[in-house]
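Trainee: Build me a structure from this.
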Amino acid sequence: MPMPDRSTRDFPGYSRISKAMHWIVALLVFVTWPLGLMIGFVKDDVKLDFYLMHESFGFLVLWAMLLRVGFRFFQSPPPVDRSALERIAANTVHGLLYVFLIIMPVSGFLATNAHGFPLQWFGLVTIWSPLGKSSEIAPTLSAIHEWSAWIILGLFALHILAVIFHHLIRRDATLYRIL
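Mentor: Numbers count the residues shown, from 1 in each chain. This is a model prediction of the structure:
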């Protein structure tokens, strides 16, 4: 079966704003996630630089996701003709990605503050936090942040498997909705 022809689309795609927000968040996560993972492996003399960049990009992820969720209230995703099971699976994975892409930066931001380090966004401005230094809650927030990262990785894997399934096995136009 041939691949779908992008020039003769008869399928509903996402709006330009939705597409841009999707890819901006994806790019930010692809920068932020590895930076966070690498912190444990870098030399001490550059570790604070990695923290600064990881936290600063993570803060951008939070705001990009809040904008994305806000926009989603005004514009629903385009309709799709799928089975109930596929719709439930897709909505569940997307919904959980949204939830954890907000939980992760919030917990990271609060953990940073609870460990006694205010967020210095790209070294330019200190971001106010409702939480001061708190050695009692810091480990819990750090654990939530770390677990959220691994959950996002698992959800991302499911998301990519669905892309591969639709594009290479089903050979439908699902991928082109977001390109």
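Trainee: residue contacts, the residue positioned nearest the centre of the chain?
Mentor: Closest to where the C-alpha atoms of the chain average out (C-alpha atoms, centre = their mean) is Leu101, at 4.3 Å. By C-beta atoms under 8 Å, 6 or more residues apart in numbering, the contact set of Leu101 is Val25, Val29, Val61, Met65, Ile152. Every residue, glycine included, has its C-beta placed from N, CA and C.
Trainee: wait, is it part of a helix?
Mentor: Yes - assigned with DSSP: H, G, I helix; E, B strand; the rest coil, Leu101 falls within a helix.
Trainee: What's the separation between it and Gly36?
Mentor: Per C-beta to C-beta, to the nearest Å, Leu101 is found 14 Å from Gly36.
Trainee: remind me which residues of the chain are low pLDDT?
Mentor: The model of the chain has pLDDT under 70 over residues 1-11.
Trainee: same thing but 50
Mentor: 1, 7-8 (pLDDT under 50).
Trainee: And the helices in it?
Mentor: For the chain, the helices defined by DSSP state H occupy 16-38, 44-74, 84-114, 138-164.
Trainee: Quick one: closest of those to Leu131.
Mentor: Nearest to Leu131 among the helices of the chain is helix 84-114; the distance by C-beta to C-beta comes to 4.9 Å.
Trainee: Next, the angle helix 44-74 makes with that closest one.
Mentor: Taking axes from the mean of the first three to the mean of the last three C-alpha atoms, to 10 degrees, one finds helix 84-114 and helix 44-74 inclined to each other by 140 degrees.
Trainee: if I look at the residue nearest to the centre of the chain, how far off is Phe156?
Mentor: On the measure of C-beta to C-beta, Leu101 and Phe156 end up 10 Å apart.
Trainee: With Pro130 instead?
Mentor: Counting by C-beta to C-beta, the gap from Pro130 to Phe156 is 29 Å.
Trainee: cool, and Trp147?
Mentor: From Trp147 to Phe156 the distance is 15 Å (C-beta to C-beta).
Trainee: just Phe41 next, same as before
Mentor: Phe41 is 21 Å from Phe156, by C-beta to C-beta.
Trainee: More neighbours: which of these two?
Mentor: The neighbour comparison of Phe41 against Phe156 (other C-beta atoms under 10 Å) goes to Phe156, with 16 against 8.
Trainee: OK, contacts around the nearest residue to that one once chain neighbours are set aside?
Mentor: In space, and not counting its chain neighbours, Phe156 is closest to Leu97: 7.5 Å by C-beta to C-beta, 6 or more residues apart in numbering. Applying C-beta under 8 Å, 6+ apart to Leu97 gives the contacts Ile152, Leu155, Phe156, His159.
Trainee: Export the residues you listed to CSV and append columns for distance to Gly108.
Mentor: Formatted as CSV, these follow (distance: C-beta to C-beta, whole Å):
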residue, distance to Gly108
Ile152, 12
Leu155, 17
Phe156, 17
His159, 21
